[in-house]
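A.B. asks: When you get a sec, could you give me coordinates for this:
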Amino acid sequence: MASKAEKRSRKRAGRKPRTGVARTDSGAISRAKTPGEAPDAVARAARMKIFGLCARDASTAEAASVMGRLSLLGREGGGIASDQYEALTRFAACREQYMLSINAPDSLLRRGEGGASGTDDAEDKARIRQRYLAARAAIQRAQDEHPGANLWAVVQHIVIEDRDLPYMIGDLRIVGNALARHYRGLDRRRAAA
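C.D. replies: Numbering: from 1, shown residues only. Take a look at the predicted model:
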């Protein structure tokens, strides 16, 4: 005689599951037009088509931003050097930390509300503010050295807003050089301490 568990396992309530259909990771039936396609394949194909990148460059993380694509081009290709790219991304991260520390509203992510504070410690907030203001001072020194350039517009439009403005690439290099010098000096002082 069969036990209750065996009887229950033989009889299955409900509709029989469909076979031969694509399923998601959770087991639900996939509604994707082309199942099995990598999620980033669409983004990679768009980058290749719009920006004229090769498949290898289009799949890198740098290809997602204007500064990253300029870094992929390199200095010889009309873009920016890798140390300039690193300094500019470091400044963007520093600015983001500063904006979070002062609870500034972010119009792109959270409309009408202040940002989430990354830290509540007053010392950390002061250190973040000091780092950000020192980087801004480096940009201002470069602006003073190049009065014909509008470096603050470059910072706002290309670094912060990630807009593609080809006529500002020369000024972006100036900002990148100023920030690279600034961060190199900071790194040397940290290493010496």
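
A.B. asks: contacts for the one helix or strand I169 maps to?
C.D. replies: Using DSSP states H and E, I169 sits in helix 169-192. Residues from elsewhere that reach helix 169-192 (Cβ atoms under 8 Å, 6 or more residues apart in numbering): 67, 70, 78-81, 83-88, 90-91, 134-135, 138-139, 141-142, 146, 149-151, 153-155, 158-159. (C-beta placed from N, C-alpha, C; glycine too.)

A.B. asks: shouldn't S71 be in contact with G78?
C.D. replies: No: using Cβ atoms under 8 Å, S71 is not in contact with G78, being 11.6 Å away.

A.B. asks: what about the two, which has more around it?
C.D. replies: For S71 versus G78, neighbours defined as other Cβ atoms under 10 Å are more numerous around S71 (24 against 10).

A.B. asks: what's near enough to touch the more buried one?
C.D. replies: Neighbours of S71 in contact, by Cβ under 8 Å, 6+ apart: E62, G79, I80, A81, S82, Q84, Y85.

A.B. asks: buried ones in the helix or strand containing F91?
C.D. replies: Assigned by DSSP H and E, F91 falls within helix 82-101. For helix 82-101, a neighbour-count test (16 or more other Cβ atoms under 10 Å) marks 83-85, 87-92, 94-101 as buried.

A.B. asks: Can you pull the poorly scored residue ranges out of the chain?
C.D. replies: The chain contains residues with pLDDT under 70 at 1-2, 5, 7-13, 34-39, 107-120.

A.B. asks: what about 80?
C.D. replies: Within the chain, the stretches with pLDDT under 80 are 1-14, 22, 24-26, 32-40, 106-120, 190, 192-193.

A.B. asks: So what's the residue count around L53?
C.D. replies: When neighbours are counted by other Cβ under 10 Å, L53 registers 18.

A.B. asks: Could you do the one 10 residues further on as well?
C.D. replies: Around A63 there are 20 other residues, counting by other Cβ under 10 Å.

A.B. asks: correct me, but it touches A55?
C.D. replies: No: assessed by Cβ under 8 Å, A63 is found out of contact with A55, at 10.5 Å.

A.B. asks: buried set for stretch 142-162?
C.D. replies: A142, Q143, A149, L151, V154, V155, H157, I158, V159.

A.B. asks: and the two most separated of those?
C.D. replies: Using Cβ to Cβ, the buried residues of stretch 142-162 reach their maximum pairwise distance at A142 and H157, which is 16.4 Å.

A.B. asks: quick one: contacts for R69?
C.D. replies: If you count contacts by Cβ under 8 Å, 6+ apart, R69 has them with F51, L53, E62, A63, G79.

A.B. asks: can you put those in TSV and add secondary structure and distance to S30?
C.D. replies: As requested, those are exported to TSV (DSSP: H, G, I helix; E, B strand; the rest coil; distance: Cβ to Cβ, whole Å):
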residue	secondary structure	distance to S30
F51	helix	30
L53	coil	29
E62	helix	31
A63	helix	27
G79	coil	39
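
A.B. asks: That's all I had, so thanks and see you.
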